[in-house]
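# Give me the fold of what follows.
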Amino acid sequence: MDTTTNVQAAPLKRSSLKFDTLANRITAVRLVLAVVLFGLIAYEYWASALALFGVLLVSDLLDGYLARKRGEVTAVGRILDPFADKIVIVGAFIFLMPYAPELAPWVVTLIVARELLVSSIRSFLESARIPFGADWGGKLKMASQSACVAWLLLTSAPGLAAPWTSTVRLALVWLTVVTTALSGLNYFRRAVRLLQDAESNGS
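Numbering: from 1, shown residues only. Okay, here's the model as predicted:
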């Protein structure tokens with residue numbers, strides 16, 4: 001979920017090529033639990049889906065912390081961790097679309113497009129050994145998306161819909177749209193600036 005740091009973007013050491021680490025195992029479990037989350041949404045087990053989504057958010061923070069604390073930042077983790085983040089968030093929005101009229105197709109398309117853009121930029125820059133970590137915009141985007149998904153899960157259960165909850169739903173969707181678009185643009189501007197700096201230093 002855009003939690004990659006500049007430390008993680010550093011050139012790989014021999015120890016970073018390991019696969020079987022505690023952080024990577026947690027990330028793998030998150031991928032499995034993401035599928036469970038989608039099933040819970042599809043079958044409308046809202047309370048269970050909300051609880052599992054909370055577990056996924058906490059485990060995302062945990063695997064990154066453990067990787068840094070134990071000195072086990074790996075190439076596999078750098079790939080799997082953001083991949084798992086995107087699967088959880090994007091998948092949740094897609095599966096929630098039938099239950100949330102606020103999630104128009106263009107909103108979900110914007111979210112997917114932003115994640116594809118940032119993933120492509122990060123992959124290109126890191127292949128050129130240019131560190132490209134998360135910034136405040138990415139963290140704010142993640143916070144707004146997580147809050148939006150959590151609120152949609154909470155208020156999709158029968159009997160919980162009310163005018164004020166619908167207003168909050170719409171506000172959170174628009175907050176997600178704004179933070180997603182702005183963070184994507186900011187990442188693109190950063191990438192252009194980093195490439196210009198690298199070209200200047202190499203000339």
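
# looking at it, Gly77 is touching Thr21, isn't it?
Yes: the criterion here is CB atoms under 8 Å, and Gly77 meets it with Thr21 at 7.1 Å. Glycine gets a C-beta too; all of them are placed from N, C-alpha and C.

# who's more crowded, those two?
Between Gly77 and Thr21, counted using other CB atoms under 10 Å, Gly77 has the larger neighbour count: 25 against 21.

# Excluding chain neighbours, give the residue nearest to that one in space.
Asn24 (5.2 Å; CB to CB, 6 or more residues apart in numbering).

# Need the contact partners of the host helix or strand of the one you found.
If you go by DSSP states H and E, Asn24 is part of helix 22-42. Here helix 22-42 makes contact (CB atoms under 8 Å, 6 or more residues apart in numbering) with 46, 48-49, 52-53, 55-56, 59-60, 62-64, 66-67, 70, 72, 74, 76-77, 80-81, 83-84, 87-88, 91-92, 95-96, 99, 153.

# again, only this time at 6 Å
48-49, 52, 56, 59, 63, 66-67, 72, 76-77, 80-81, 84, 87-88, 91, 95 (CB atoms under 6 Å, 6 or more residues apart in numbering).

# For the chain, which residues score under the pLDDT cut-off?
For the chain, the stretches with pLDDT under 70 are 1-19, 133-134, 159-161, 202-203.

# all helices for it, in order.
22-42, 46-69, 75-96, 105-127, 136-155, 163-202 (DSSP state H).

# residues contacting Ala67?
Listed by CB under 6 Å, 6+ apart, the contact partners of Ala67 are Ala23, Val73, Gly77.

# let's see 8 Å
By CB under 8 Å, 6+ apart, the residues touching Ala67 are Thr21, Ala23, Val73, Thr74, Gly77, Asp81.

# Run a quick neighbour tally on Ala92.
Neighbours of Ala92 (other CB under 10 Å): 23.

# who touches it in this structure?
Counting by CB under 8 Å, 6+ apart, Ala92 has contacts Leu37, Phe38, Ile41, Phe53, Val149, Leu153.
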